[in-house]
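**Q** can't give you the sequence, but here's the structure:
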């Protein structure tokens, strides 16, 4: 030492914080349960207001609201009770039913409709956890349905084997389609959002085209793109007999949820997924092959979405058309957001969306505009996604996470405290 | 202009970053604001500059209360700020940068570049800055860029100039030049607020010293105070920062870097023919101003870079072309320079971070299942051994202080069978206690017979830790010298002059 002067060797460099957009995005995809619940309640409350202001009786009574307000109030309450009552009747229990089967059928319909939503939601959630945005659910679902469908009516095998093969084929087909996205991202740096959107179109038109060729076409469908019905040996068996349409797909999806939980929370692969999702740079420095993780994760993400396609293709006794996606590929994004990208959360969010799908027709019968449920779904997403976004846009400090400045102070305070 | 801050209080939630700060800056004085990381210096200056709104207190200029809602107001009132990271546009000329934001115009529409050039020339000559208004800023050395920032402030008639950690990016010679400039500015009546934590500089230029700690002003000192006195005021206890170490016991030449060259995408040489050897039980420290190829050197060794030519051998094994995984498996422990970006996953717990480098197979996993019981045990052991101040193994790494984060990284990197330790900026941003700890661990690693490569931009750290010092400048090694080489010589080498 030439100069023993004690000088401070602590440059006051605050390491660069993640950008506010990254923070906002992370907050959106990993929402807290309480906030999610409040968002749902608030969305339904706004939905109630919409029911009221579109209700003819209420509108009629508004004309004399000051002379007899009780009319308007009664009309409003009646409209909401009737509207949401119809939703309950259509999705949970039909208390007006004569037989037990009629009473509980709505619930089984909810579960049936939730089945592909949960599977696809898990897939999208997986991509979120790895820091990617897979909006190729539609294409991957079509690939899953297409592959499963092909095996279900072109391969001749006895019952359990045929079904298993069709399921595996659907999942693998979708997984390959998803892995392609990961490959493009890893090799060329292509943005997965753009690639998955474009692949949606390719999948849709490819499947439509194939439904006009012997590969997927039903010979009896005339010129319209439609597949043959799956062989009975490849159909997902009904769970509770002929009275209910609920099939084994729901049980498979429960299994998929458990698998997702194990994968993300307990396994080494999920650990690497999360590490890459939260900080790819640190993962790379710690020897994790980030590009391989991207490919694997997109493949697995699409595999879960593919399972949704499989249940759509095999959970029926008739053929399907290119609209077999039924918006599930995109609803799955909402389901994943709503579920905070966790296994249990996605499962519950899928059930909620399944219930809304099941209850919609009943609400329509009760003279509530069917668009209302779309508004409620949209509001839920808005309420969950908007606060962090608004904060990011206007650079407001987050009420929960301390700002850079205060973090520094807290650190300093802690230092002072322990010494 | 006399600047007075009265009772400035700034809270972030429950935390008080500035607690009733009273500060008076007299005209023409150099006022040093001294304090550790997180003492609240930058918050205070951001309040002054209008970036933060104070919760309480007032700012007075020449005894008139003023209210700033943004940097524009502060600038108009004559307060200029030179940030640590320059706010310059590299592809613009000096004159263009200086006029940015208040461009002189002719006839209402045409930029009056000659006027801006003349202004730059006038200021540059008045203070002997030696700056050509037509040079592109991107071509200027860092010290000159800083002078452009100062010209920018002066061009807007700054009467109070705030310099935030101005010497962090400068060579010792450039630092000396800045000191002279500061004295000239003060002599011409400009007040200067000089934010720093380097005591030697404080003693050299300050007229008055205000020491901050934990958001409060703890003392006002005169430059005649001893450095130990100032240091203990800053940290609240006595400090000794010399590194205690025995002479090295040298073994074989186990780590050899030969002709290592790194090209960027455009074929520019980021690292140019770097050659050195580290023996077992030896610390080689790389000195140099930030951005002279040190980052590229460590990244190339670890396998994080493409476009690498030359050879890196550890125990005779070639590592150029190997993956990061292979390099780690060959026995490299790596402490990255930016621990938040490359060393840790802030949203992971302490325990999770400790297995980041070994997420496949033993000891942290069995098959595809993570061995949570082993991880917990390992984390508890590491917390004890490395004195990591955390509430528990499940505390998120991002919630720890910088020093404790660095201990997590060290605990992880030192837990493998090492054959080489690379530590970049091992103590950047740490408090004094953590610095001692980290230095001791590095020396202990060297004493166990492992070659150690240290990269640091802090000359004190380099001199304190190194057995030999290699100085880098523009991607090259200027020379490799003994640890007792004088600071003046090292400073010249850091500016590219071979010893």
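**A** Received the coordinates, thanks. On a predicted model such as this, the values are computed, not experimentally measured, just so you know.

**Q** And what about the residue nearest to residue B:8 when sequence neighbours are not counted, helix, strand or coil?
**A** Counting by C-beta to C-beta, 6 or more residues apart in numbering or on different chains, the nearest residue to residue B:8 once its immediate chain neighbours are dropped is residue B:57, at 3.8 Å. (Glycine included, C-beta is placed from N, CA and C.) Classification of residue B:57 using DSSP: H, G, I helix; E, B strand; the rest coil returns strand.

**Q** What of the one 3 residues further on?
**A** The assignment at residue B:60 comes out as strand when based on three-state DSSP.

**Q** Helices along the stretch 51-200 of chain B, start to end?
**A** B:71-76, B:94-99, B:113-126, B:142-155, B:172-187, B:199-205 (DSSP state H, counting those that start in this stretch).

**Q** now the strands: where do they sit in the stretch 201-350 of chain B?
**A** Secondary structure of the stretch 201-350 of chain B (DSSP state E, counting those that start in this stretch): strands at B:208-213, B:216-221, B:255-263, B:269-278, B:283-287, B:308-314, B:317-318, B:332-335.

**Q** Pairing partners for the second one, with directions?
**A** Think strand B:216-221. Its sheet considered, strand B:216-221 pairs with strand B:208-213 (antiparallel) by DSSP bridges.

**Q** Just the mean pLDDT for the partner strand, thanks.
**A** What strand B:208-213 shows for mean pLDDT is 89.

**Q** next one: it to chain centre, how far?
**A** 21 Å (C-alpha atoms, centre = their mean, to the nearest Å).

**Q** what's in contact with it?
**A** A:412, A:416, B:21, B:23, B:29-36, B:39-41, B:44, B:202, B:217-223, B:225, B:230, B:233-236 (C-beta atoms under 8 Å, 6 or more residues apart in numbering or on different chains).

**Q** Tell me which residues of it come out buried.
**A** Within strand B:208-213, the residues that count as buried by 16 or more other C-beta atoms under 10 Å in any protein chain shown are B:208-213.

**Q** next one: stretch B:473-490
**A** B:473, B:475-481, B:483, B:485, B:489-490.

**Q** I'd say residue A:277 and residue A:131 touch.
**A** Yes - counting by C-beta atoms under 8 Å, residue A:277 touches residue A:131, with 3.7 Å between them.

**Q** What's the local residue count around residue B:430?
**A** When neighbours are counted by other C-beta atoms under 10 Å in any protein chain shown, residue B:430 registers 25.

**Q** For it, list the residues it contacts.
**A** A:10, B:402-403, B:406, B:438.

**Q** how about those residues in JSON lines, adding distance to residue A:140?
**A** What follows is those, written out as JSON lines (distance: C-beta to C-beta, whole Å):
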{"residue": "A:10", "distance to residue A:140": "50"}
{"residue": "B:402", "distance to residue A:140": "43"}
{"residue": "B:403", "distance to residue A:140": "46"}
{"residue": "B:406", "distance to residue A:140": "43"}
{"residue": "B:438", "distance to residue A:140": "48"}
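
**Q** Out of those, who's the most crowded?
**A** Ranking the contacts of residue B:430 using other C-beta under 10 Å puts residue B:406 first, with 28 neighbours.
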